[in-house]
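# Got a predicted structure here, sequence first:
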Protein chains: 2
Amino acid sequence: MFMSGLRELELRHLATLDAVASEGTFGRAAERLGYTQSAVSQQIAALERTVGGKVFDRPGGPRRVELTPLGAVVLDRGRDLIARVDALDDVLDRFRSGQVGRLTVGTFQSISSAVLPHLVARFRGQFPDVDIALFESDDDDELEAQLERGQTEVSFLVGGVDVATAAGFEARHLLTDPFVLIARPGQFGPGPGPVAVDAFADEPMIGQHENSCQLLNEAGLRAAGLDPSYVFRSNDNGTVAAMVRAGMGVAVMPLLCTEPEDPRTSLHPLDPPIPGRNVSIAWRAGRTLSPAAEAFVQLAIEVCADVVGELEFAH
Amino acid sequence: MFMSGLRELELRHLATLDAVASEGTFGRAAERLGYTQSAVSQQIAALERTVGGKVFDRPGGPRRVELTPLGAVVLDRGRDLIARVDALDDVLDRFRSGQVGRLTVGTFQSISSAVLPHLVARFRGQFPDVDIALFESDDDDELEAQLERGQTEVSFLVGGVDVATAAGFEARHLLTDPFVLIARPGQFGPGPGPVAVDAFADEPMIGQHENSCQLLNEAGLRAAGLDPSYVFRSNDNGTVAAMVRAGMGVAVMPLLCTEPEDPRTSLHPLDPPIPGRNVSIAWRAGRTLSPAAEAFVQLAIEVCADVVGELEFAH
DNA sequence: CAACAGCGATACTTTCTGCTCATGACCATC
DNA sequence: GATGGTCATGAGCAGAAAGTATCGCTGTTG
């Protein structure tokens, strides 16, 4: 960025130019601006040095000063400049209060369907002028990469605060999502009661491809004494459920990945329970967030607490 | 004009912000701008005070600094501001050299038809981007009023430099326009030779309404021993000529008000000649003219000298 | 693990800018 | 010719801005 000979131009001088032009007198302009006449005189002189010519004709005596043609040009453009600075000030005010801005959020399928609708609705209610741009991926690494590159400002991530921290992020815990068994209705008794791991030890299983969640899932099952054998894998939650409905087998999935209202499947807590997956919201460590993002994080924590409450109530 | 809390915003700081953002380092930005690292550090700190928040995240160690969301907003708008300042600098450069601007000129009929075509053509050749706005009136008082009010920057006026000066203007003499007799061809001999005042002492005369030019005209005729009696008056030069052609009488008019090429009338110098009318170009005393106006005045002087030469040659 | 190198922050110093105050010069008006 | 209102200007002072030197932090390297 080259700044030309007007490098030394000062906005204050333009404001003074305007005041003098409309008041007609250095003294009255000074009064209006809270300066002394001498200060105005010096400011105009400085302005005239930077623009390279007189901006006022001073007729002498008690007559009003008047803009020279050069002064008229400078004033015309100067007013525009000052208006833009004022506009910037407006924008900054609204930005600082989070009223305006652009917020990019990384997310993944289960959060998108189970949390974001409530969260975005509440957020837009409070900050209607903030643009929200979502980036959705079921690949954790990709979410982290986008976050790392600054493509997303905050991102939902699978994993606890500790793993996010280890990856160079700062994070807040949102919820722990328990693994549940998805079966056909009646397959394990009439109600949604707990099912022991042994009870489906011989069932063929549906699962996800090997992502962090699935690994946690399988590790939990093994620790509970099960050696699952998978007949089908998909990262699409709807596909997994469809496979179960079709009788291909049963699935163990995070609760948020399921559709509890669907009568064609039956959900059961595991007995004993295996460690659930953690979901957190993260951003690059040490980076200041926009006020909108700060508010979003706070709201995410609240909304997730609500979601957890509802899910527990449902069981 | 209210200047908001960003009153203290300095363009220099915005340039520094940009340099740091693109260099990634305070030190390299300083090098590029010709400052020390300390100065850049202080400038950014000052900018952060005026915008009310950090514009860079400083990760510490040898890592690059990076814009905060606030900083990104400020930089975005700041670049626009600086671009506009640069544009202003451009405009001022061209304005100072007269290449751009708006020029308002007061004129009257005979100048408009006899001088302006050449003058404007030459002027536009040299300054194609200057807008010329003409204000034409045959009323001297109105021309002076427009000039006085600043509606016109320069104006052609009937009268010598002395009378313009007395009216509070500064002026340059352009030409002295001789009075000539307009008659029908052959009415006063076969050629365009001089005609004595006595020769048309009894002719009914066509003249203008009582403006400064007409008064000078009649005073000259009386001093030469003629007591003219007017049968028709019009300020429109074409109308006067038409009346002569129609045989209503003869007219004594400034040469520039005539159409020497028209074969339906015959022009004759007066013998003895009476004092011609002076034409000058004037502007408000003590007012600085735009460079374009300065050039216009200079060009007017030259073009008028040419016009006088041609007219003398025609006789 | 320790030394090193790159980076920003800051205390201190110096220079310069920008303001106020006081005064001078100018001009229209009475 | 005196007067009142105007802008310019010099002196003095307070504060801002830039330079110098140094500190502390962090990632890198051997």
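Sure, I can see it. None of these values were measured; they are calculated from a predicted model.

# which bits of the stretch 1-150 of chain A sit near DNA strand C?
Proximity of the stretch 1-150 of chain A to DNA strand C (CB under 7 Å from any atom of the strand) is limited to residues A:10, A:12, A:30, A:34-39, A:42-43, A:46, A:59-63. (C-beta placed from N, C-alpha, C; glycine too.)

# Only whichever of the residues you listed are buried, select them in ChimeraX.
Buried members of these, defined by 16 or more other CB atoms under 10 Å in any protein chain shown, are picked up in ChimeraX with:
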select /A:10,12,30,35,43,46
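
# Go through the residues of the stretch 1-150 of chain A next to DNA strand C and flag which are in helices.
Mapping these onto helices (DSSP state H) picks out A:12, A:30, A:37, A:38, A:39, A:42, A:43, A:46.

# and those residues as CSV, adding distance to residue B:226 and pLDDT?
Putting those into CSV (distance: CB to CB, whole Å; pLDDT from 0 to 100) gives the following:
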residue, distance to residue B:226, pLDDT
A:12, 68, 95
A:30, 63, 95
A:37, 62, 95
A:38, 65, 95
A:39, 67, 96
A:42, 65, 95
A:43, 64, 96
A:46, 64, 95
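
# And these, which is closest to residue A:197?
residue A:12 (75.1 Å; CB to CB).

# Surely that closest one and residue B:6 touch.
No: counting by CB atoms under 8 Å, residue A:12 does not reach residue B:6; the two are 11.0 Å apart.

# mind checking how far the residue nearest to residue A:208 when sequence neighbours are not counted is from residue A:197?
Of all residues not flanking residue A:208 in the chain, residue A:214 sits nearest, at 4.2 Å (CB to CB, 6 or more residues apart in numbering or on different chains). The gap separating residue A:214 from residue A:197 is 17 Å, by CB to CB, to the nearest Å.

# all strands of the stretch 151-300 of chain A, in order?
A:154-158, A:169-177, A:179-183, A:195-196, A:205-207, A:230-233, A:250-254, A:266-271, A:277-284 (DSSP state E, counting those that start in this stretch).

# what does the average pLDDT come to for the last one?
Confidence for strand A:277-284, expressed as mean pLDDT, is 95.

# one step back: what's around the residue nearest to residue A:208, how many residues?
Neighbours of residue A:214 under the rule other CB atoms under 10 Å in any protein chain shown: 19.

# Quick check on residue A:151: phi, psi?
With angles defined as degrees, to the nearest 10, residue A:151 sits at phi -70, psi -30.

# how far away is it from DNA strand D?
Distance of residue A:151 to DNA strand D, computed by CB to the nearest atom of the strand, to the nearest Å: 21 Å.

# In JSON lines, list the strands of the stretch 151-300 of chain A along with mean neighbour count and distance to DNA strand D.
Compiled in JSON lines, those are given as follows (neighbours: other CB atoms under 10 Å in any protein chain shown; distance: least, CB to the nearest atom of the strand, whole Å):
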{"stretch": "strand A:154-158", "mean neighbour count": "26", "distance to DNA strand D": "20"}
{"stretch": "strand A:169-177", "mean neighbour count": "20", "distance to DNA strand D": "13"}
{"stretch": "strand A:179-183", "mean neighbour count": "25", "distance to DNA strand D": "36"}
{"stretch": "strand A:195-196", "mean neighbour count": "18", "distance to DNA strand D": "47"}
{"stretch": "strand A:205-207", "mean neighbour count": "24", "distance to DNA strand D": "38"}
{"stretch": "strand A:230-233", "mean neighbour count": "14", "distance to DNA strand D": "37"}
{"stretch": "strand A:250-254", "mean neighbour count": "25", "distance to DNA strand D": "33"}
{"stretch": "strand A:266-271", "mean neighbour count": "20", "distance to DNA strand D": "41"}
{"stretch": "strand A:277-284", "mean neighbour count": "24", "distance to DNA strand D": "12"}
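
# Do a quick rundown of the helices in the stretch 201-315 of chain A.
Applying DSSP state H, counting those that start in this stretch to the stretch 201-315 of chain A gives helices spanning A:212-223, A:237-245, A:291-314.

# shaky segments in the stretch 1-150 of chain A?
Applying pLDDT under 70 to the stretch 1-150 of chain A flags the ranges A:1-5.

# now the helices: where do they sit in it?
Under DSSP H, counting those that start in this stretch, the stretch 1-150 of chain A gives helices at A:11-23, A:26-33, A:37-51, A:69-96, A:109-114, A:116-126, A:140-149.

# Dump the ones you listed to JSON lines, plus distance to chain B.
Below are those laid out as JSON lines (distance: least, CB to the nearest CB, whole Å):
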{"stretch": "helix A:11-23", "distance to chain B": "5"}
{"stretch": "helix A:26-33", "distance to chain B": "10"}
{"stretch": "helix A:37-51", "distance to chain B": "6"}
{"stretch": "helix A:69-96", "distance to chain B": "4"}
{"stretch": "helix A:109-114", "distance to chain B": "23"}
{"stretch": "helix A:116-126", "distance to chain B": "16"}
{"stretch": "helix A:140-149", "distance to chain B": "11"}
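
# Could you dump those helices into TSV with distance to DNA strand D added?
TSV is the format used below for these (distance: least, CB to the nearest atom of the strand, whole Å):
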stretch	distance to DNA strand D
helix A:11-23	7
helix A:26-33	3
helix A:37-51	3
helix A:69-96	12
helix A:109-114	30
helix A:116-126	32
helix A:140-149	14
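
# Distance to residue B:130 added to those, as a markdown table?
Output for those, formatted as a markdown table (distance: least, CB to CB, whole Å):
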| stretch | distance to residue B:130 |
| --- | --- |
| helix A:11-23 | 23 |
| helix A:26-33 | 31 |
| helix A:37-51 | 19 |
| helix A:69-96 | 11 |
| helix A:109-114 | 61 |
| helix A:116-126 | 53 |
| helix A:140-149 | 52 |
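
# What is the burial count for residue A:74?
When neighbours are counted by other CB under 10 Å, residue A:74 comes out with 30.

# now do the one 5 residues further on
When neighbours are defined as other CB under 10 Å, residue A:79 has 16 of them.
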